[in-house]
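Asks: Fold the following, please.
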Amino acid sequence: MRTVTEDTKLLLDLLDTIPGVSRRVAEVLIAEIGAAMSRFSSARHLASWAGLCPGHHESAGKRKGGRTRKGSPWLRQTLIEAAHAVARSKKTYIGAQYRRIAVRRGTKKAQVAVAHTILMVSLECAEVSAQALIRGRHRRRLTETAMPRQEFG
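Replies: Below you'll find the predicted structure:
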């Protein structure tokens, strides 16, 4: 039996609005990273841990192709799959980003770049859901203390 807390349900609903992210992808994101995502100090740290940060190799002032890190295999594979799904979407920013990069650098590099974008957007969704839950709990606490309980007969 699946038990979904209020925190996780809100985050799942927010992640489901990202193009290319299905319910299963959102569940994998939460399972691998966690609902709070507060253990990562920055978005760059999360991208590095996931193995989706852009590679960097420069020698004598020339930029050469860099490799990405291995990172978390489950998370990386799921995000690449989501990037592949969003590549077929027509009227989304992420789909346009995929097509723009794929023309210049190829489909594989475009998939990694779009997976990185999806990861960054999901981190923003996690922060928004955390703030919304804090506001909701604060409101609930205020209404419980502001209104005296009425006793019925």
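Asks: which stretch of helix or strand covers the most centrally placed residue in the chain?
Replies: In the chain, the residue lying closest to the centroid (C-alpha atoms, centre = their mean) is Ser122, at 2.0 Å. Under the criterion of DSSP states H and E, Ser122 resides in helix 107-146.
Asks: If you count neighbours, what's buried in that helix?
Replies: For helix 107-146, the neighbour count (16 or more other C-beta atoms under 10 Å) marks 109-119, 121-123, 125-126, 129-130, 133 as buried. Quick note: C-beta positions are derived from backbone N, CA and C, even for glycine.
Asks: Against which helices or strands is that helix packed?
Replies: On a contact count with 3 or more C-beta pairs under 8 Å, 6 or more residues apart in numbering; DSSP states H and E, helix 107-146 meets helix 6-15, helix 23-33, helix 43-50, helix 73-86, helix 93-105.
Asks: Just tell me which of those ends up closest to Lys62.
Replies: helix 93-105 (16.5 Å; C-beta to C-beta).
Asks: Please compute how far stretch 18-31 lies from its chain's middle.
Replies: Distance, stretch centre to chain centre, for stretch 18-31: 8 Å (C-alpha atoms, centre = their mean, to the nearest Å).
Asks: contacts for that stretch?
Replies: The list of residues contacting stretch 18-31 from outside it, by C-beta atoms under 8 Å, 6 or more residues apart in numbering, reads 8, 11-12, 15-16, 74-75, 78-79, 81-83, 85-86, 89, 92, 94-95, 114, 118, 121-122, 125.
Asks: Quickly note the distance from Tyr98 to Gly71.
Replies: Distance, Tyr98 to Gly71, by C-beta to C-beta, to the nearest Å: 20 Å.
Asks: Low-confidence ranges, this protein, go.
Replies: By pLDDT under 70, the low-scoring segments of the chain are 1-4, 6-7, 36, 56, 65-68, 133, 136-153.
Asks: In ChimeraX, how would I select just the buried ones from the contacts of stretch 18-31?
Replies: Per 16+ other C-beta under 10 Å, the buried members of the contacts of stretch 18-31 correspond to this ChimeraX selection:
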select :8,11,12,15,75,78,79,81,82,83,85,86,94,95,114,118,121,122,125
